[in-house]
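[1] Structure here, sequence nowhere to be found:
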């Protein structure tokens, strides 16, 4: 059987352009004993992909090699099995890549509970929810009544961070790039405040929304929100650095805040990436299913159609031209 | 009995000038039941004092109020006692202030072991040693074989950090501001490398001295060492922020590093100040006495004579015009 896949053949300099990719037609091999044939149904597009394409051997996972199928997480159905642990129709989740089909032993893939829609898996139980939970709960260790600011709050991770924080009794302030996103955060997700970071009076708005200062800052974007919020941190504040999307498409990284307040306020700033924490996934999935089952985690998927829509579509992550978690239905 | 003390009467803007202080003559009161009269013999001058003089209610301890005796730690002898816990001749250590004599109940003061010279107490067992131990060991959690960079390495805290790290089996690189200080670090304290941060090829020197990257950075200064070292941090590196002396006398704080590497290398940056950790002092003192007894903590005191030498002398902390831990003998 023939199927389509997309390889990375060139590394990006600033933006992600179609010439970085090559669309190839592959032939599925005979399955060996222990293997399954997977048909991908939904594929996630995430900001971290930009990093995976770069030649940076110091990052948290090795880059995608040139000539390899581009890396991504997704959901696939078992369509043929020579592995007794899997039967046809099982749904698996994990790093499958930009491809319609894949052959796997199942290693590194997780079986999905039945009944949860694919969109909910990719929005809540997959990378966005896991990343939000790991950063906020395991690193940030929030206490009820504390104040959280989350940047990129309408993004796939940020929207989960804010909702988990509300479920845990925090005062939650989010920043986002349009008034429509801010309305969604306040009116549908229950954020206490949502602020358009393009406002002229951004600093005043953040100040007004955090009368008791800021105990936790969950960083997804960088930019002016970072500096303003850093200055409002309370003693023993925790900053969780998850993304710096404002800087992913710039040649010169912007300056960070001076470190004097690190001492004066005794702050802790922690950068993290989910691949260090795969071992904790089962426990985190349980917790996320709990919130989800109680109706506390709402999501919005922005679904593109067909594998090749990823090539242009991935840029929506950086332009913000999307209304929800970006994914591809195959 | 009359004695001299020095009050803070004005807050500094940039530098510390004599007009910030008022020298006063005080009359010692009658001791109440439970009180002791202390005669200070040695008084420590520390960079943190600059912060204590500023009007910053967000810092880790409240500022010295205008009209109050300036805050400092020191060693005093009990010369009169109406407290059964203390006898004449006992030596106590703690926050005594810029004064020749003080009346105290003993609260917040620690009795000193006999036989340890006053200089060793202020250099090793007092703020510098405690701060070094807390930051390096309790926050940094070093492992034998790891690489440490410490800025301000010839300073009172930095020299203790490097020596404790050597005792714990680390590869230790220090930066300092003169070649003479660098020789002292290498030849007498046993640092693996000592680098003059004013060198034209500072980045190359730091790179050559840290062939396996940097696992721990102990920050005392800010400035170019910060940016160069930040870029050399290994995955899961820990940065301990203790001082930013390069910025204490500047109007505009310098920019910090961009946060993208926080994520890529999964770094943790922790600011701390000793007043949060007084409860741990007994255990830390024991550990420091252990290193000291084994001859692993050498020190150099730069001693000025007489209380009033503090007024001009404190600036040596910021100009670097000193050859060891700055203190006053009274």
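    Nice, thanks for sending it over. This one's a predicted model, so the numbers in the text were calculated from it and none came from an experiment. Numbering: from 1, shown residues only, chains lettered A, B, ... in the order given.

[2] For chain A, what lies in contact range of chain B?
    Residues of chain A lying close to chain B by Cβ under 8 Å from any Cβ of the partner chain are A:51, A:56, A:58-60, A:219, A:222, A:226, A:235, A:241-244, A:247, A:253-273, A:276. Every residue, glycine included, has its C-beta placed from N, CA and C.

[3] Among those, which lie within helices?
    Among those, DSSP state H puts A:51, A:226, A:247, A:260-264 in helices.

[4] which of those tops the neighbour count?
    residue A:262 (27 neighbours; other Cβ atoms under 10 Å in any protein chain shown).

[5] excluding its backbone neighbours, what's nearest it?
    Closest residue to residue A:262 apart from its sequence neighbours, by Cβ to Cβ, 6 or more residues apart in numbering or on different chains: residue B:271 at 3.1 Å.

[6] tell me the contacts of that neighbour?
    A:259, A:261-268, B:241-242 (Cβ atoms under 8 Å, 6 or more residues apart in numbering or on different chains).

[7] go on, residue A:128?
    Contacts of residue A:128 (Cβ under 8 Å, 6+ apart): A:46, A:122, A:156-157, A:159-160, A:325.

[8] Tell me the secondary structure at it.
    What DSSP: H, G, I helix; E, B strand; the rest coil gives for residue A:128 is helix.

[9] And the worst-scoring helix or strand of chain A on mean pLDDT, what's buried?
    Ranked by mean pLDDT, DSSP states H and E, the weakest helix or strand in chain A is helix A:245-248, scoring a mean of 80. The neighbour-count check on helix A:245-248 (16 or more other Cβ atoms under 10 Å in any protein chain shown) flags A:245-248 as buried.

[10] which among these gets closest to chain B?
    For the buried residues of helix A:245-248, the residue nearest chain B by Cβ to the nearest Cβ is residue A:247; the value is 5.9 Å.

[11] Can you turn the buried part of the residues of chain A next to chain B into a PyMOL selection?
    Buried residues among the residues of chain A next to chain B (16+ other Cβ under 10 Å), as a PyMOL selection:
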select buried, chain A and resi 51+59+60+219+222+226+241+242+243+244+247+253+254+256+257+258+259+260+261+262+263+264+265+266+267+268+269+270+271+272+273
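
[12] Now do the helices in chain A.
    Going by DSSP H, chain A shows helices at A:48-53, A:118-120, A:127-133, A:156-167, A:179-183, A:202-209, A:224-231, A:245-248, A:260-264, A:281-293, A:309-313, A:316-319.

[13] mind putting those in CSV, distance to residue A:14 included?
    Output for those, formatted as CSV (distance: least, Cβ to Cβ, whole Å):
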stretch, distance to residue A:14
helix A:48-53, 10
helix A:118-120, 31
helix A:127-133, 24
helix A:156-167, 23
helix A:179-183, 25
helix A:202-209, 26
helix A:224-231, 21
helix A:245-248, 9
helix A:260-264, 31
helix A:281-293, 33
helix A:309-313, 16
helix A:316-319, 10
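
[14] ok, back up a step: between the ones in helices among the residues of chain A next to chain B, which has the least confident prediction?
    Ranked by pLDDT, those bottom out at residue A:247 (79).

[15] Verify the stated contact: that one with residue B:261.
    No: look at residue A:247 against residue B:261 with Cβ atoms under 8 Å: they stay out of range, at 10.9 Å.

[16] In contact with residue A:108, which residues are there?
    Counted by Cβ under 8 Å, 6+ apart, residue A:108 has contacts A:94-95.

[17] I'd like to know how far it sits from residue A:85.
    As judged by Cβ to Cβ, to the nearest Å, residue A:108 and residue A:85 stand 13 Å apart.

[18] likewise residue A:123?
    In terms of Cβ to Cβ, residue A:123 sits 27 Å off from residue A:85.

[19] which of these two has more neighbours?
    With neighbours defined as other Cβ under 10 Å, residue A:123 and residue A:85 compare such that residue A:123 has more, 25 against 12.

[20] Would you check that the more buried one makes contact with residue A:303?
    No: look at residue A:123 against residue A:303 with Cβ under 8 Å: they stay out of range, at 10.6 Å.

[21] show me where the stretch 51-200 of chain A has strands.
    Assigned by DSSP state E, counting those that start in this stretch, the stretch 51-200 of chain A shows strands spanning A:73-81, A:91-95, A:101-104, A:110-111, A:147-150, A:171-176, A:193-196.

[22] Return the list of strands paired to the shortest one, each annotated with direction.
    When pairing is defined by DSSP bridges, strand A:110-111 lines up against strand A:91-95 (antiparallel).

[23] now do the first one
    Strands flanking strand A:73-81 in the sheet, each with its direction: strand A:36-44 (antiparallel), strand A:91-95 (antiparallel) (DSSP bridges).

[24] ditto for the fifth one
    When sheet partners are counted by DSSP bridges, strand A:147-150 sits next to strand A:171-176 (parallel), strand A:214-219 (parallel).

[25] among those, which is the most enclosed?
    Ranked by mean neighbour count under mean count of other Cβ atoms under 10 Å in any protein chain shown, the strands paired with strand A:147-150 are led by strand A:171-176, which reaches a mean of 28.

[26] So which residues make contact with it?
    By Cβ under 8 Å, 6+ apart, strand A:171-176 touches A:145-155, A:158, A:162, A:165-166, A:182, A:185, A:191-197, A:206, A:209-210, A:212, A:221, A:225.

[27] Count the residues that sit near residue A:143.
    Neighbour tally, residue A:143, other Cβ under 10 Å: 11.

[28] Could you report the separation of it from chain B?
    17 Å (Cβ to the nearest Cβ, to the nearest Å).

[29] contacting residues around that residue?
    Counted by Cβ under 8 Å, 6+ apart, residue A:143 has contacts residue A:215.

[30] What score does residue A:321 have for pLDDT?
    pLDDT, read off for residue A:321, is 87.

[31] Could you list the low-pLDDT ranges of the stretch 201-330 of chain A?
    A:249 (pLDDT under 70).

[32] 90 - rerun?
    Counting by pLDDT under 90, the stretch 201-330 of chain A shows low-confidence ranges at A:245-253, A:274-282, A:285-286, A:318-324.

[33] now the stretch 1-150 of chain A
    Looking at the stretch 1-150 of chain A by pLDDT under 90, you get A:1, A:13-15, A:28-29, A:47-48, A:51, A:55-62, A:108, A:110-116, A:125-127.
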